[in-house]
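Q: Here is a sequence together with a model predicted from it:
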Amino acid sequence: MRDTGFFAGVPQHPVTLAGYEFPSPTFYYDYSQASVVAVTPLERIKELLPSPRLYPLRLTPRSGVTVIGAYEYRDTDIGPYNEVVIGFPVTVDRNAPVLTELRRFQVHGGSLFVWQLPVTTAIARDIGVELAGYPKFLADIGISDEAGLVTCRAAEGDGHLLTLRLRHRPPRRREVRVRAMPVTVKGDRLLRTASIARVPREAVAYDGRGVALELGDHPVAEGLRRLQMGRVIMASYAPANQMVLPGPTESWPLAK
């Protein structure tokens with residue numbers, strides 16, 4: 001039985017896009033999430049940002065962070081699928097104070113420039129690309145949680161993207177709302193989407209103990225190597241979440 005209390009009172013309307021009909025906003029009734037946050041040289045992040053309007057959140061004056069997340073969407077309005085998100089927390093048109101905004105992002109969520117977003121179904125890819133320019137491509141993504149060890153392996157054909165392993169403690173009751181605000185590029189525009197997620201339980205560690213990231217031979221893996229990521233400053237696992245995902249809510253020209 002679906003738990004639908006989180007979605008009560010949120011109206012939906014049918015949308016036809018990329019050859020599919022689906023309700024908008026799209027409801028994600030049940031999914032798990034495992035993610036890590038790794039220190040990354042600021043200059044390496046800036047090389048991948050598509051617009052001078054985007055400012056990476058800073059841990060120190062010379063470092064930002066890379067976020068890698070694995071999502072197993074078990075029940076959604078567009079069917080089940082898995083995805084891996086790789087991105088960088090950012091602000092738009094302003095440079096946030098060192099550390100302050102990043103701490104807020106870690107607890108409450110915020111804007112994340114989405115650099116790569118492999119997914120496992122054509123409908124998730126096609127709608128995401130058409131709706132907001134999400135950098136989605138089809139991949140094989142397996143996610144498991146066995147005896148407190150989450151394993152995510154992603155590959156495209158014979159090319160191994162990455163394998164992420166995250167050992168976690170039993171998730172604790174949290175029951176919070178988190179704002180996930182992906183930033184994407186479509187044409188000559190920056191787009192931002194304001195989604196809201198319900199996180200009932202979560203296990204969080206502010207270090208890299210129990211985290212292992214193996215990079216493969218895929219071009220995305222080579223891009224991750226060039227980032228020269230350092231220590232993991234946060235790892236989290238939330239086993240059963242819900243989300244309301246609308247279309248883009250804000251837009252800016254790429255150039256100021």
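A: Happy to help now that I have it.
Q: can we go C-alpha only for contacts and neighbour counts from here?
A: Noted.
Q: Tell me where the model's unsure across the stretch 151-256 of the chain.
A: For the stretch 151-256 of the chain, no stretch is flagged by pLDDT under 70.
Q: ok, and what's touching stretch 75-86?
A: 22-23, 26-31, 66-74, 114-121, 123-124, 141-143, 154 (CA atoms under 8 Å, 6 or more residues apart in numbering).
Q: Now, of these, which are buried?
A: Buried members of the contacts of stretch 75-86, counted by 16 or more other CA atoms under 10 Å: 22, 26-31, 66-73, 114-121, 123-124, 141-143, 154.
Q: still on that earlier bit, mind listing which of the contacts of stretch 75-86 are in helices?
A: Per DSSP state H, helices hold the following members of the contacts of stretch 75-86: 123, 124.
Q: Filter the contacts of stretch 75-86 down to just the ones in strands.
A: Of the contacts of stretch 75-86, the ones assigned to strands by DSSP state E are 22-23, 26-31, 66-74, 114-119, 141-143, 154.
Q: Could you tell me whether residue 104 really is in a helix?
A: Yes. The assignment for residue 104 (DSSP: H, G, I helix; E, B strand; the rest coil) places it in a helix.
Q: Could you check how many residues crowd around it?
A: Neighbourhood size, residue 104 [other CA atoms under 10 Å]: 11.
Q: Sticking with residue 225, tell me its helix or strand.
A: Using DSSP states H and E, residue 225 sits in helix 219-226.
Q: How far off centre is that helix?
A: Chain-centre distance of helix 219-226: 17 Å, with CA atoms, centre = their mean, to the nearest Å.
Q: How far off centre is stretch 139-150?
A: How far stretch 139-150 lies from its chain's middle: 16 Å, per CA atoms, centre = their mean.
Q: Quick check: end-to-end length of it?
A: 19 Å (CA to CA, to the nearest Å).
Q: what mean pLDDT does it have?
A: Here stretch 139-150 scores 97 as its mean pLDDT.
Q: Not counting its own residues, what contacts it?
A: For stretch 139-150, using CA under 8 Å, 6+ apart, the contacting residues are 34, 70-72, 82-84, 118-120, 151-157, 164-170.
Q: Would you mind listing which of those are buried?
A: Buried among these by 16+ other CA under 10 Å: 34, 70-72, 82-84, 118-120, 151-155, 164-168.
Q: Many thanks, we can stop here.
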